[in-house]
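Peer 1: Give me a 3D structure for the following:
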Amino acid sequence: GAEPLAALQRVAVEESRLGIPLLFAMDVVHGYRTIFPVPIAMASTWDEADWEAAARVSAEEASASGLHWTFAPMIDIARDPRWGRIVEGSGSDPYLGARMAEAQIAGYQGGDLSQADTILATAKHFGAYGVPTGGRDYGTADLSERSLYEIYLPPFYAASRAGSGSMMTAFNDIAGVPSTANETLIDGTLRGRWDFDGLIVSDWNAIAELINHGVAETRADAGALALRAGVDMDMTSAVFVNDLRQAIADEPALLADLDLAVGRILTAKERLGLFDNPMVYHQTDREAAELLSPDHRALARDVAGRSMVLLKNDD
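Peer 2: Sure thing, here's the model as predicted:
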């Protein structure tokens, strides 16, 4: 909500040492208060205008409630019906997934991220999260380089070209290398070849789980691997907060990676206009007007009707 988050933001900008504004984020996947069909159903309208309009309403409502950032869209290509997260994406086709990614990012971020009715988009989960062996979530993905680049990464390339403000790394490994520690994939492909300049955040607890993957012995090791790979922000595992100091003491060269990560987080806040007006997302009158407005509800109803898929058509 706009008012409770405003109180936290006020502490950050008025009482902290450097006065750097906070970044508030949440899963806003298919609506904030006005709820749209789930993404797999949204994809069934085959209409980019629907996808962008739904994301625009989500951004208007979420930003009015004090949020700056959503962990969406999920653009993983999925071809195994045993995988339980198919509902969050657009299905099995890379072209459709790429177009849906572009439309949703345009809806969330608008034409100017510094405007108060926009939120930062997050293309997730980079990469090949939707193809775990046996459909087992968090599991290993064992696929050819051709399949990776022709089927599972095109939506992320499209998201990068569309200016997605952030991306999220995946829990899984690809042929034994966890995505959250995959320097070739993150710094090499995403940042190097594609010139992605946004913020990269880990998935929930994924940095600490590099120990579970068997590639890190300690939390400090896990933090070093993720930071070196190009991950800027640690979601919930607190490895960066509590253990990076030790990692950098052991390997001082990591300080350069830390500076880059901090710079990208500050840049995201700057693009959102938070340094110019950190309280712009906390207008309770706009919140009251935006949430579940008649126009938003009418659009959701229209899109829901257009997304229905008939099992049988008797005229």
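
Peer 1: and stretch 199-214, how far from the chain's centre?
Peer 2: Stretch 199-214 has its C-alpha centroid displaced from the chain centroid by 15 Å (CA atoms, centre = their mean, to the nearest Å).

Peer 1: For that stretch, could you pull out the residues that count as buried?
Peer 2: Neighbour counts over stretch 199-214 (16 or more other CB atoms under 10 Å) mark 199, 200, 201, 202, 203, 206, 207, 208, 209, 210, 211, 213 as buried. (C-beta placed from N, C-alpha, C; glycine too.)

Peer 1: Got the phi and psi for residue 22?
Peer 2: The phi/psi pair for residue 22 (degrees, to the nearest 10) reads phi -80, psi 160.

Peer 1: still on that earlier bit, take the buried residues of stretch 199-214 and keep only those in helices.
Peer 2: Taking DSSP state H, the ones among the buried residues of stretch 199-214 that sit in helices are 210, 211, 213.

Peer 1: could you dump those residues to TSV with pLDDT and distance to residue 125?
Peer 2: As requested, those are exported to TSV (pLDDT from 0 to 100; distance: CB to CB, whole Å):
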residue	pLDDT	distance to residue 125
210	98	15
211	98	19
213	96	15
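
Peer 1: closest to residue 233 among the residues you listed?
Peer 2: Distance ranking of these against residue 233, using CB to CB, places residue 210 first at 15.2 Å.

Peer 1: what about residue 222, how many neighbours?
Peer 2: 29 (other CB atoms under 10 Å).

Peer 1: my guess is it contacts residue 216, does it?
Peer 2: Yes: Residue 222 lies in contact with residue 216 (CB atoms under 8 Å); the separation is 3.9 Å.

Peer 1: got any residues that touch both of the two?
Peer 2: Common neighbours of residue 222 and residue 216, counting by CB atoms under 8 Å, 6 or more residues apart in numbering, are 181, 210.

Peer 1: Strands of the protein, residue ranges please.
Peer 2: Along the chain, the stretches classed as strands by DSSP state E are 25-26, 69-70, 122-126, 166-169, 173-174, 177-178, 199-201.

Peer 1: okay, the residue nearest to residue 268 when sequence neighbours are not counted: pLDDT?
Peer 2: Take residue 268 and drop its neighbours on the chain: the residue closest to it by CB to CB, 6 or more residues apart in numbering is residue 199, 4.5 Å away. With respect to pLDDT, residue 199 has a value of 98.

Peer 1: Repeat that for residue 311.
Peer 2: Value for residue 311, per-residue pLDDT: 88.
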